[in-house]
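In: Sequence and predicted structure below; questions after.
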Number of protein chains: 2
Amino acid sequence: YSERMLLSLLNGKRITFKKLINALFSGSLESFYGRSLVLADRDLVEQGAEQILKDAHETDVAFLVVGDPFGATTHSDLVLRAVHAGIPYKVIHNASIMNAVGCCGLQLYNFGETVSLVFWTDSWKPESFYDKICKNRKSGLHTLGFLKQSVQMFVSRGKKIYEPPRFMTVSGLTEDTVCVGVARLGSDDQSIRTGTLRQLESCDLGAPLHSLVVTGQLHPLEVDMLRLSAEPGALGHLTMVDGSTYTS
Amino acid sequence: YSERMLLSLLNGKRITFKKLINALFSGSLESFYGRSLVLADRDLVEQGAEQILKDAHETDVAFLVVGDPFGATTHSDLVLRAVHAGIPYKVIHNASIMNAVGCCGLQLYNFGETVSLVFWTDSWKPESFYDKICKNRKSGLHTLGFLKQSVQMFVSRGKKIYEPPRFMTVSGLTEDTVCVGVARLGSDDQSIRTGTLRQLESCDLGAPLHSLVVTGQLHPLEVDMLRLSAEPGALGHLTMVDGSTYTS
């Protein structure tokens, strides 16, 4: 993973990278590069664009992220600042969870809108992600859900992967809905587990980063692929929608 | 681009790759590898799995594709055949148009279902892609549209990039809808042009591969990014949906 990401950055004279990468590659980057790196924490990325772009008129500056740079708004902001400062930029695209998730066997063109899954706090109870999942399912589409950091921490202690708000289970999404939990995709110890929402509650997928896919309608080839990672009985009660389509 | 894709394949004793890659990298792959490659045409990929997997019990076999392997159903089929034949496999993920398209400035999590755009023939007039675009737009979502090979040929002769069925223009999609045409993303001569559908008709984006994005609702930061590639006046008549959302 790291090789592919870093190969094209060796010409960068100053290399900044996000904290997330540090979590994934735990300090091995500096020795790989043979040069020192600047760790960019959230504050630096979101507030410190000037600091990142400093000297960029005189030397190449590389900014390293996990996945593809344009999954996150903050990176668009960095591009705009560079353009407005007259600094040329070049993007090296990379694999992202948004396409790598296809390795679970669900076809990428059958995914609807992506959502962020968050745990409720006393003061913050967003429901929009749930509505989006149901809307995707009604259209027969899969949903890729990002588990936010607090959830990831929760998961990494071996507990629940995702708990839907209980009073919402009457519509499209139930405890029997077939979902896929994926963790550390692209790394040698990646984990892919297919099961009902209830089954995945007790699955330990290990360390971050985790994502959860809620399936929509399934093509038989998608079902065959899901079998490769399925918990016992997970695909036992699929309903046939028509001759070549299933749903849970 | 090629470097990143190929680096991890050097251990493959026999390397097969798809015709599409040949179109993009025009024969430079063999010299990069220093070994001969087998060109896999559509027939070989879709019908000749046995031939690709031949000897895979005794030697490593690499299969090389453009983008991420799981954008296409045929590659899932190849994985299933390998698994059922007891052949271990490993996937090296790569950037794909499905995430690289974010470089045009539209946020990836605001994309709905992906579609394939095809020209009508006398005997084949599919309408489903149009309905999906309208459905995405109604939900405020962008649509990534793949231009099929016949369309790409059409475009490469400098003509229309996409012609919506005329009697369908009453609903969500009009000639004034802001779209983004992208070509050869990730290559040094990539092309990104933002304009109304009418404007893009006369844009020559050059050689394949082309994709077309139909915008949904736009965040001000997305509008700022689109300005970087916008035709004159393209963003002139955006309608404000609310204080932080625009649409065309």
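Out: That came through fine.
In: From chain B, how far out is the residue of chain A most remote from its centre?
Out: Residue distances from the centre of chain A (CA atoms, centre = their mean) peak at A:Glu58, which lies 35.0 Å from the mean C-alpha position. In this view, A:Glu58 and chain B are 23 Å apart by CB to the nearest CB, to the nearest Å. C-beta here means a position set from N, CA and C on the backbone, and glycine is covered the same way.
In: where does that residue land in three-state SS?
Out: State at A:Glu58, reduced to three classes by DSSP: H, G, I helix; E, B strand; the rest coil: coil.
In: Kindly report the same for A:Val83.
Out: Per three-state DSSP, A:Val83 ends up helix.
In: Without its sequence neighbours, what residue ends up closest to it?
Out: Of all residues not flanking A:Val83 in the chain, B:Leu228 sits nearest, at 6.1 Å (CB to CB, 6 or more residues apart in numbering or on different chains).
In: show me the contacts for that neighbour.
Out: B:Leu228 sits next to A:79-80, A:83, B:105 when contact means CB atoms under 8 Å, 6 or more residues apart in numbering or on different chains.
In: The residue lying closest to A:Thr73 once chain neighbours are set aside - how many residues pack around it?
Out: Spatial nearest neighbour of A:Thr73, chain neighbours left out: B:Leu221 (5.9 Å); criterion: CB to CB, 6+ apart. By the criterion of other CB atoms under 10 Å in any protein chain shown, B:Leu221 has 16 neighbours.
In: What are the boundaries of the helices in chain A?
Out: Ranges of helices in chain A, per DSSP state H, are A:2-7, A:19-25, A:28-33, A:42-47, A:49-53, A:73-84, A:97-100, A:128-138, A:149-156, A:197-201, A:220-227.
In: Ranked by average pLDDT, which of those helices falls at the bottom?
Out: In terms of mean pLDDT, the lowest-scoring of the helices of chain A is helix A:2-7 (a mean of 38).
In: Now rank the contacts of B:Leu228 by neighbours and give me the top one.
Out: Counting by other CB under 10 Å, top hit in those: B:Gly105 with 26 neighbours.
In: what's the neighbour count on the closest residue to it other than its chain neighbours?
Out: The shortest distance from B:Gly105 to any non-neighbouring residue, by CB to CB, 6+ apart, is to B:Met225 (2.3 Å). B:Met225 has 27 neighbours, counted by other CB under 10 Å.
In: hang on, isn't the residue nearest to A:Thr73 packed against A:Thr74?
Out: No: B:Leu221 lies out of contact with A:Thr74 (CB atoms under 8 Å); the separation is 9.7 Å.
In: Make sure A:Met240 is actually in contact with A:Val223.
Out: No: A:Met240 lies out of contact with A:Val223 (CB under 8 Å); the separation is 10.7 Å.
In: between these two, which one's more packed in?
Out: A:Val223 (19 against 9).
In: how far away is that one from A:Thr245?
Out: Using CB to CB, to the nearest Å, A:Val223 is found at 10 Å from A:Thr245.
In: same check, this time on A:Gly112
Out: 16 Å.
In: More neighbours: those two, which one.
Out: When A:Gly112 and A:Thr245 are compared for neighbours, A:Gly112 comes out ahead with 27 against 17, by other CB under 10 Å.
In: if we can go back for a sec, right, and the pair among the contacts of B:Leu228 with maximum separation?
Out: A:Val83 and B:Gly105 (10.8 Å; CB to CB).
In: Test my guess that A:Asp224 contacts B:Arg81.
Out: No: contact between A:Asp224 and B:Arg81 fails when scored by CB under 8 Å: they sit 10.6 Å apart.
In: quick one, domains of chain A?
Out: Chain A breaks down into these domains under automatic domain parsing: A:2-84, A:97-247.
In: and those as TSV, adding distance to B:Ala40?
Out: Below are those laid out as TSV (distance: least, CB to CB, whole Å):
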stretch	distance to B:Ala40
domain A:2-84	22
domain A:97-247	19
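In: Just name the most buried of these.
Out: domain A:97-247 (a mean of 18; mean count of other CB atoms under 10 Å in any protein chain shown).
In: and that domain, how far apart are its ends?
Out: 24 Å (CA to CA, to the nearest Å).
In: ok, now which ones touch A:Val101?
Out: Taking CB under 8 Å, 6+ apart as the test, what A:Val101 contacts is A:108, A:111, A:144, A:182, A:185, A:211, A:213.
In: now, which of the residues you listed lie within strands?
Out: A:144, A:182, A:211, A:213 (DSSP state E).
In: quick check, nearest of those residues to B:Lys132?
Out: Closest to B:Lys132, out of all of the ones in strands among the contacts of A:Val101 and judged by CB to CB, is A:Leu144, at 17.8 Å.
In: Do I have it right that the closest one meets A:Gly216?
Out: No: A:Leu144 is beyond contact range of A:Gly216, at 11.2 Å (criterion: CB under 8 Å).
In: what's the overlap in contacts for those two?
Out: By CB under 8 Å, 6+ apart, no residue touches both A:Leu144 and A:Gly216.
In: Which pLDDT does the model give A:Thr16?
Out: Confidence score, pLDDT, at A:Thr16: 60.
In: What of the one 10 residues further on?
Out: In this model, A:Ser26 is scored at 50, pLDDT.
In: gap between the residue nearest to A:Thr73 and B:Gly102?
Out: From B:Leu221 to B:Gly102 the distance is 12 Å (CB to CB).
In: With that, I have no additional questions.
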